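S.K.: Got a predicted model here, sequence first, then my questions.
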Amino acid sequence: MKGRDFWKWKSLKIKLEVKLRDRISIKYEAIIGLEVHAQMLTETKIFCGCSTKFGSEPNTQTCPVCIGMPGVLPVLNKKALEYAIKTGLAMNCTISKFSRFARKNYFYPDLPKGYQISQYELPICEHGNIEIVVNGNIRKIGITRIHMEEDAGKNIHEGAGNYSFVDLNRAGVPLMEIVSEPDIRSAREAVEYMKKMRTILRYLGVCDGNMEQGSLRCDANVSVRPVGQKEFGVKTELKNINSFRFVEKALDYEIKRQIKVIKEGGKILQETRLWDSTQGITEPMRGKEEAHDYRYFPEPDLVPVVVDQKWIDEINASLPELPDIKRERFVSVYGLPENDADFFTSDKPIADWYEEATASYALSVSGHKVVSNWVKGELTRLLNEENRSIEECPLKPLQLADMLTLIDKGTISGKIAKTVFEEMYKTGKDAEVIIKEKGLVQITDEGEIEKAVDEIIAKYPKEVERFKAGEEKLIGFFIGQIMKATKGKANPQIVNELLKKKLST
């Protein structure tokens, strides 16, 4: 290599090394937008009278309308429209008084008509937001739109032979698609956003939020860009994400994958990728479609949706107390710590169970906290051991309240109460019944307790001498021995008082 050529090569090499070093040292941020499909809890489908019940035999909940037979006409389910408006109001959206359905054209075996009835340029709800808390910081995530659409059927690939089955029971089931702004900056934020959305939907009673059954599904649009850059990077769409854990794992993987591709000098392709939960990776599925690929046009078989302000106001007035407001009340009225309030208000059935129990028992702030401790502690532990939800709890809130009252009266001690509580949970019996059957009434007779105290003091003379010599922590040893001797039934306060009195003489 000649001298001049060498220096040209050297200069180019240095430039490339500088570019590579700069690329590696650049910090990137993720830009994430979520499209959440929520199945509405209507009894019938969005455009016909077929049932929406989950788990029925394949193709038993169909009719000419939902399987796309020629000559049939769809009719909008008013309850589905009401649920969409209710959701929009709860998520701070503007409700469109004039909206319209459109045909989204694509061909797939589980789409019987060859198009999906959805909403496009005129959705029912727009410009909302949801607040989430991540690492102690409040983040407001914008909602671009909420629109109504029908679900497709389901392809079933299991079975013998080189063929698949199509179940059209789900075709026509009413969905809301809730589209966020690209405001989410991490996988953790995405999970918190989805959890908050699920909580709101369950509070409203418009969706059960069951991700395993597919009634809450998520697609994610992900891109990365250098920190400080305004322009978005090329995005990929992730599909097939059916749990909060997989949402976080899939997004974390895709963000790292895109950064790695860019740092190595590659380009991100605009494509749809599937999350493979077994391998923990995303894989290419197809090129990402644009809106024009679907050839949207107004649905000719449905008139525009026109709603008046009076009905919107009526729906707004019917909204339940939403989680953020309930959380504030649990803190301000019940005096609960924020962690306790978060725990209860994250799921409406748990909040309802707690409120019924505390209304039957608590007369003070300390009482509300006592109920909270039992529900968060013992009750949640027992439910988790059997993988039960609070709706399946065999114990009634009033039963817990009655047991706590018995503790206050001195009928049982706090330690015995745990035994009673487990038996109540297992059998469904009331606390008083269990206490009588098992002879668990607390000993409060001072003479009887004094006799037990004297016996233990006489049994352990060396420990008595050590206590008197200054080892005051031995008081716990004596209390333990007395409680053991009385099978945990001695009143701890009386035991403590008598011990201190006798050991100090």
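M.R.: That came through fine.

S.K.: Which of the three states applies to Val133?
M.R.: The assignment at Val133 comes out as strand when based on DSSP: H, G, I helix; E, B strand; the rest coil.

S.K.: Quick check: it touching Arg188?
M.R.: No. When contacts are counted by CB atoms under 8 Å, Val133 is not listed as touching Arg188 (11.1 Å). (Each C-beta comes from the backbone N, C-alpha and C, glycine too.)

S.K.: Near Glu437, how many other residues are there?
M.R.: 11 (other CB atoms under 10 Å).

S.K.: quick revisit: in terms of packing, which of Val133 and Arg188 has more residues around it?
M.R.: For Val133 versus Arg188, the count of surrounding residues by other CB under 10 Å is larger for Arg188: 16 against 12.

S.K.: any idea of the mean pLDDT for the helix or strand encompassing the more buried one?
M.R.: Secondary-structure assignment from DSSP states H and E places Arg188 in helix 187-204. For helix 187-204, the mean pLDDT works out to 96.

S.K.: Tell me the neighbouring strands of the next helix or strand after it, and mark each as parallel or antiparallel.
M.R.: Once helix 187-204 ends, the next helix or strand along the chain (criterion: DSSP H and E) is strand 216-226. Sheet neighbours of strand 216-226, with direction, are listed as strand 28-39 (antiparallel), strand 236-241 (antiparallel) (DSSP bridges).

S.K.: ok, Glu386 - how many residues close by?
M.R.: Glu386 sits with 10 neighbouring residues when counted by other CB under 10 Å.

S.K.: now the stretch 351-500 of the chain, which segments are flagged as low pLDDT?
M.R.: 363-365, 442-446, 448 (pLDDT under 70).

S.K.: Could I get the full set of helices for it?
M.R.: Along the stretch 351-500 of the chain, the segments classed as helices by DSSP state H, counting those that start in this stretch run 365-374, 380-385, 397-409, 414-427, 431-438, 446-459, 461-468, 475-485, 492-503.

S.K.: do you know which of these lies nearest Cys48?
M.R.: Minimum separation from Cys48 across the helices of the stretch 351-500 of the chain (CB to CB) falls at helix 380-385, 38.8 Å.

S.K.: How far does the closest one sit from its chain's centre?
M.R.: Here helix 380-385 is found 18 Å from its chain centre; the criterion is CA atoms, centre = their mean, to the nearest Å.

S.K.: Against which helices or strands is that helix packed?
M.R.: For helix 380-385, there is no helix or strand it packs on, judged by 3 or more CB pairs under 8 Å, 6 or more residues apart in numbering; DSSP states H and E.

S.K.: buried stuff in that helix?
M.R.: Buried residues in helix 380-385, counting neighbours by 16 or more other CB atoms under 10 Å, are found at Leu382, Leu383.

S.K.: Quick check: closest non-adjacent residue to Arg145.
M.R.: Excluding the flanking residues, the one nearest Arg145 by CB to CB, 6 or more residues apart in numbering is Pro123, at 4.4 Å.

S.K.: what's around the one you found, how many residues?
M.R.: In terms of burial, Pro123 registers 23 neighbours under the definition other CB under 10 Å.

S.K.: rewinding a little: export the helices of the stretch 351-500 of the chain to a markdown table and append columns for distance to Pro58.
M.R.: Putting those into a markdown table (distance: least, CB to CB, whole Å) gives the following:
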| stretch | distance to Pro58 |
| --- | --- |
| helix 365-374 | 45 |
| helix 380-385 | 34 |
| helix 397-409 | 41 |
| helix 414-427 | 39 |
| helix 431-438 | 48 |
| helix 446-459 | 69 |
| helix 461-468 | 73 |
| helix 475-485 | 61 |
| helix 492-503 | 62 |
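
S.K.: Mind checking those helices for the one nearest to Gly71?
M.R.: Of all those, the one in closest proximity to Gly71, counting by CB to CB, is helix 380-385 (52.1 Å).

S.K.: and the helix holding Arg188, what does it pack onto?
M.R.: strand 28-39, helix 78-90, strand 125-134, strand 137-150, strand 216-226, helix 244-263, helix 323-332, helix 348-361.

S.K.: now these in TSV, with distance to Met424?
M.R.: Formatted as TSV, the helices and strands packed on helix 187-204 follow (distance: least, CB to CB, whole Å):
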stretch	distance to Met424
strand 28-39	36
helix 78-90	36
strand 125-134	35
strand 137-150	40
strand 216-226	34
helix 244-263	32
helix 323-332	25
helix 348-361	13
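
S.K.: what's the spacing between the residue nearest the centre of the chain and Thr52?
M.R.: Closest to where the C-alpha atoms of the chain average out (CA atoms, centre = their mean) is Lys195, at 3.8 Å. For Lys195, the distance to Thr52 equals 24 Å [CB to CB, to the nearest Å].

S.K.: before we move on, back to that, tilt between the helix holding Arg188 and helix 244-263?
M.R.: With axes from the mean of the first three to the mean of the last three CA atoms, to 10 degrees as the basis, helix 187-204 and helix 244-263 are set at 150 degrees to each other.

S.K.: how far off strand 125-134 does helix 187-204 point, in degrees?
M.R.: Using the same axes, to 10 degrees, one finds that helix 187-204 and strand 125-134 are set 120 degrees apart in direction.

S.K.: Report the buried residues of helix 187-204.
M.R.: Counting neighbours by 16+ other CB under 10 Å, helix 187-204 gives 187-204 as buried.

S.K.: Over to stretch 113-131?
M.R.: Buried residues in stretch 113-131, defined by neighbour count with 16+ other CB under 10 Å: 113, 115-120, 122-126, 128, 130.

S.K.: how about a markdown table for those residues, with pLDDT and distance to Gly439 added?
M.R.: Formatted as a markdown table, the entries for the buried residues of stretch 113-131 read as follows, by pLDDT from 0 to 100; distance: CB to CB, whole Å:
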| residue | pLDDT | distance to Gly439 |
| --- | --- | --- |
| Lys113 | 91 | 70 |
| Tyr115 | 93 | 72 |
| Gln116 | 95 | 67 |
| Ile117 | 96 | 67 |
| Ser118 | 96 | 66 |
| Gln119 | 96 | 67 |
| Tyr120 | 93 | 71 |
| Leu122 | 96 | 72 |
| Pro123 | 97 | 66 |
| Ile124 | 98 | 63 |
| Cys125 | 97 | 61 |
| Glu126 | 97 | 66 |
| Gly128 | 97 | 60 |
| Ile130 | 96 | 54 |
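
S.K.: Among the residues you listed, which pair sits farthest apart?
M.R.: Pairwise distances across the buried residues of stretch 113-131 peak at 33.1 Å for Lys113 and Ile130 (criterion: CB to CB).

S.K.: Now do the domain split for the protein, please.
M.R.: Here the chain is described, according to automatic domain parsing, as comprising the domains 33-306, 321-438, 446-503.

S.K.: could I get those as a markdown table with distance to Asp313?
M.R.: A markdown table is the format used below for the domains of the chain (distance: least, CB to CB, whole Å):
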| stretch | distance to Asp313 |
| --- | --- |
| domain 33-306 | 10 |
| domain 321-438 | 17 |
| domain 446-503 | 57 |
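
S.K.: What's the local residue count around Ser413?
M.R.: The number of residues packed near Ser413 is 22, by other CB under 10 Å.

S.K.: er, Asn240 I mean
M.R.: When neighbours are counted by other CB under 10 Å, Asn240 comes out with 18.

S.K.: residue contacts, Tyr361?
M.R.: Gly367, Val370, Val371, Leu400, Ala401, Leu404, Thr405 (CB atoms under 8 Å, 6 or more residues apart in numbering).
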